[in-house]
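Q: What follows is a predicted structure for the sequence shown.
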Amino acid sequence: MRRAAALAVLIVTVLFAALAVPLSPVRTWLTGILGDLPIPSAAERIPSEPVTGAPLRVAVGAMISPERTYEFYADLFHLLAGRLHRPLELKQRRTYQEVNTLILRGEVDVAWICTGAWPELSEAAGARLLAVPMVGGKTTYNALVLAGPAAGTARSLGELAGTRFAFTDPISLTGCLYPKRRIASLGGDAARFFSDTTFTGGHDRSIEAVRRGIVGGASVDSLVYDYLARRFPEEVEGVRVLETSPPFPIPPLVVPSSTPEGLSTVLRRELLALGRDPGGRKLLDALLVDGFSPPDLAAYERLR
Amino acid sequence: MNASGDVASVERPLRARLQLAITSAVLLFGLLNVVLVGRIAYGALRAEQDRRLEFVARLLAQRAARPLLVDDLLDLQKLLDESRGLDPDLAFVVVFDRHGKRLAQSAAPETLTGLPESAHPAWAGPARYREAIAPVLEGKLGQVHVGVAEETLRGTLARIVGVIATMVLAFLAVGVLAAAAVARSVTRPLERLVAFTSSVRLEGPLPSLELESRDEIAEVGKHLVSSASELQRLHEEARRRERQLARVEHLATVGTLAAGAAHEINNPLAGLRTALERILRQARDPAEAERYGAVLRDAVARIEGAVRGLLTFARATDVHIEPVQLAGVVNRALELAAPRLEEARAGLVRDVGPELRPVLADGGKLVQVLLNLVLNACDAMPPGGELSIRAGVDGEVALIDVEDTGPGIAPEIAGRVFDPFFTTKAQGKGTGLGLAVSRTGVREMGGELELVPSARGALFRIRLRIAKGEVHGEHPAG
């Protein structure tokens, strides 16, 4: 009995002595045992989709932030690609120019671009107009000059002089080209008219910058502004519209020259049919788009 | 008292067991501590790390969305590099597209051997990783995998276990010392008790027992010392009684011898007296015969008295015990002793009230006992002394004291005055049987006769039981 107890004490003592020594096998063993406690990882597996066939490559210009673009347009283009029995490859770039480059290189099959990006493509004969969306019964849109809390009581673009101003993209029609032209018409120069300018990379981001007072004002796409004002009114809260431009042709869908005629025909047909399809109708309604229609080529030609 | 109860030879020493028990308790507690705290620490660490991993994974997934959306792999790579810079514990960050194709990783591929299978089957290896996976844009764009090596967690755990183990070892050291001290404090007094009990002897001085404590053990020690002392006293008492018994046995033998001798003397003595009377009746010179006859008669009478006393002592005569009034008994004895009292010109103090309750006694024998005591007192006192007879009560016992004003009895012979044939009287004046016969008589009555120390002279006390209930009637004293 006593021997057994003494032996037990000896064993435990040795165990402890071994435990106290860093990197001792016993300590490693014990931490190993303790370390084997089953605590499930919080991570969850995301099933990935199988790849089938050549994808339909769709580019969307950076009219709004990439995340929002994906959120708004991915489903629509998935549907479109599905109609063609092809998987979708949605491509985005930070700038309109980069998207134009994709189109000119033929790296996409179809693209939804800003109206302001069209003249370059048209001049280079790099793309054809495919279809245009109809919003609120119109195929036009406007530039809206916005002012936020940082602009004080400014009531016109002219009164935004000396403030910080947000452009969307250097070749954005409503986000850059229009306000620059307006300032020029006021006899100024954008570089000097504002205290500072910035490129936000998306109309939604420009609106956010105005709302949060990061910039005094911005010029944005009326489609984006109206959409946010309707769907997410809190995102335009405190943002005032100082000026509305004359109508411009709405941002069109184009196909690069490299896209086969057959594909572009099918694409146009499917796009125009979307509004009559229950699935397509639902997606279009979510985007506040009435449907797609053939483009008024002349209107776009005038932009040049 | 077992002399072999030496502390060193105890089969299972208490000290060792106490030390063992306390040390084992500390060890057990320590082990439990290490295991429990280790488990808790590991659980907490792991949960915390998982939370952190998940947070990092989600954050990276959020931030990876834009580079993924715009196909900016450089930005994606920079993001991963930054993330590793911010958290050195991250073993890897890998971004997969939604088809499972690896788009970017935080470290060079060759350093990523042993990645979890979930990250890439081909990378499964011996190293173990804790991994968090976060979808990018709800998984539509891909996944971000973030991992830390289990080794990182184990290193932290090992440090914690090390600290606890060190603490436990320190506790153990303190505990063992404390155990030794406690065991010593408990067992040391016990060892002294053992040493004490093993060295106690029936005779001789008691060994000393020094216990500093004032606890139960000290109490036991006190009792042990007093018990040992009592044992020695009882042993001494037994020895004394043994000696007394030997003397009594000796006396009984002497008594038997004396009784036999008395019987042998008695018969011829009767013949002798008859013959003497006849000779005296027929003597030629009546005067001379009368003179020698008186001498002879006196001698024979003396021999007869001695023989009668011996026989009384040797033979237990029948005793008739009944309630007796003390006053009557005392009166009768004093009447009988009156001539002798007169001769000794002794004063008499009598304090025996009639109100005393009767005692259980044999009236005739009690008269003889009292007479004997009174006559002894007269012999002992010089002329003009004073004799006191007092009766009293001590609980259920009546006391009759007979006290004289003689020289008293020296303490060295006090123990022997009741022995047969012991006498302080001059040769020929006493047989030495009076007190012995008296004590025997009183004892037969269920009482006791004893010599009580007195400042005046000799004081003999008779103790007799007091009768319960009514007296049957005054016993005719005599």
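A: Yes, it's here.

Q: And B:P358, how close does it get to B:A398?
A: According to CB to CB, to the nearest Å, B:P358 stands 9 Å off from B:A398. No exception for glycine: its C-beta is placed from N, CA and C like everyone else's.

Q: for chain B, which helix is longest?
A: helix B:216-281 (DSSP state H).

Q: Which elements pack onto the helix or strand following it?
A: Next in sequence after helix B:216-281, counting helices and strands by DSSP states H and E, comes helix B:286-314. Contact here means 3 or more CB pairs under 8 Å, 6 or more residues apart in numbering or on different chains; DSSP states H and E; on that basis helix B:286-314 packs against helix B:216-281, helix B:434-444.

Q: list the contacts for the residue lying farthest from the centre of chain B?
A: The centre of chain B is farthest from one residue, B:V70, which by CA atoms, centre = their mean lies 98.4 Å away. Taking CB atoms under 8 Å, 6 or more residues apart in numbering or on different chains as the contact definition, B:V70 lies against A:A62, A:P66, A:Q92, A:R93, A:R94, A:E98.

Q: B:R465 now?
A: Taking CB under 8 Å, 6+ apart as the test, what B:R465 contacts is B:V359, B:L360, B:E396, B:V397, B:A398, B:G446, B:G447.

Q: If you rank the residues you listed by neighbours, which is first?
A: Across the contacts of B:R465, neighbour numbers were computed from other CB atoms under 10 Å in any protein chain shown; B:V359 holds the maximum, 30 neighbours.

Q: any idea whether the residue lying closest to that one once chain neighbours are set aside is helix, strand or coil?
A: In space, not counting the residues next to it along the chain, B:V359 is nearest to B:L464; the distance is 4.1 Å by CB to CB, 6 or more residues apart in numbering or on different chains. Classification of B:L464 using DSSP: H, G, I helix; E, B strand; the rest coil returns strand.

Q: follow-up on the earlier one: just the helices and strands packed on helix B:286-314: most buried one?
A: Stretch with highest mean neighbour count among those: helix B:434-444 (a mean of 21; mean count of other CB atoms under 10 Å in any protein chain shown).

Q: what packs against that helix?
A: helix B:286-314, helix B:363-380, strand B:448-452, strand B:459-465.

Q: is chain A contacted by stretch B:139-152?
A: Yes: Stretch B:139-152 comes into contact with chain A (CB under 8 Å from any CB of the partner chain), by way of B:G139, B:K140, B:L141, B:Q143, B:H145, B:E150.

Q: can you tell me the distance between the two ends of that stretch?
A: 29 Å (CA to CA, to the nearest Å).

Q: Check stretch B:432-452 too.
A: 19 Å.

Q: Would you mind pulling the contact partners of that stretch?
A: So stretch B:432-452 is contacted by B:306, B:309-310, B:312-313, B:316, B:319, B:321, B:360-362, B:365-366, B:368-369, B:372-373, B:375-376, B:401, B:409, B:414, B:417-423, B:425, B:458-465 (CB under 8 Å, 6+ apart).

Q: of these, buried ones?
A: B:306, B:309-310, B:312-313, B:321, B:360-362, B:365-366, B:368-369, B:372-373, B:375-376, B:401, B:409, B:417-420, B:423, B:458-465 (16 or more other CB atoms under 10 Å in any protein chain shown).

Q: secondary structure class for B:F418?
A: Relying on three-state DSSP, one would call B:F418 coil.

Q: ignore the last one, B:G408
A: Applying three-state DSSP: B:G408 is coil.

Q: For it, grab the count of nearby residues.
A: Neighbour number of B:G408 under other CB under 10 Å is 18.

Q: ok, and the closest residue to it other than its chain neighbours, which helix or strand is that part of?
A: In this structure, B:G408 finds its nearest non-sequential neighbour in B:G457, 4.8 Å apart by CB to CB, 6+ apart. Here B:G457, judged by DSSP H and E, is contained in no helix and no strand.

Q: Test my guess that B:G457 contacts B:D379.
A: No: the criterion here is CB atoms under 8 Å, and B:G457 misses it with B:D379 at 12.0 Å.

Q: Please tabulate the contacts of B:V70 in JSON lines, including the columns secondary structure and distance to chain B.
A: Shown next, in JSON lines, are those (DSSP: H, G, I helix; E, B strand; the rest coil; distance: CB to the nearest CB, whole Å):
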{"residue": "A:A62", "secondary structure": "coil", "distance to chain B": "8"}
{"residue": "A:P66", "secondary structure": "helix", "distance to chain B": "4"}
{"residue": "A:Q92", "secondary structure": "strand", "distance to chain B": "5"}
{"residue": "A:R93", "secondary structure": "coil", "distance to chain B": "5"}
{"residue": "A:R94", "secondary structure": "coil", "distance to chain B": "5"}
{"residue": "A:E98", "secondary structure": "helix", "distance to chain B": "8"}
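
Q: By neighbours, which of the residues you listed wins?
A: That'd be A:A62 among these, by other CB under 10 Å, with 30 neighbours.

Q: For it, give me its contacts.
A: A:T69, A:Q92, A:R93, A:R94, A:T95, A:Y96, A:V99, A:D169, A:G201, A:G202, B:V70.

Q: This completes my enquiry, with thanks.
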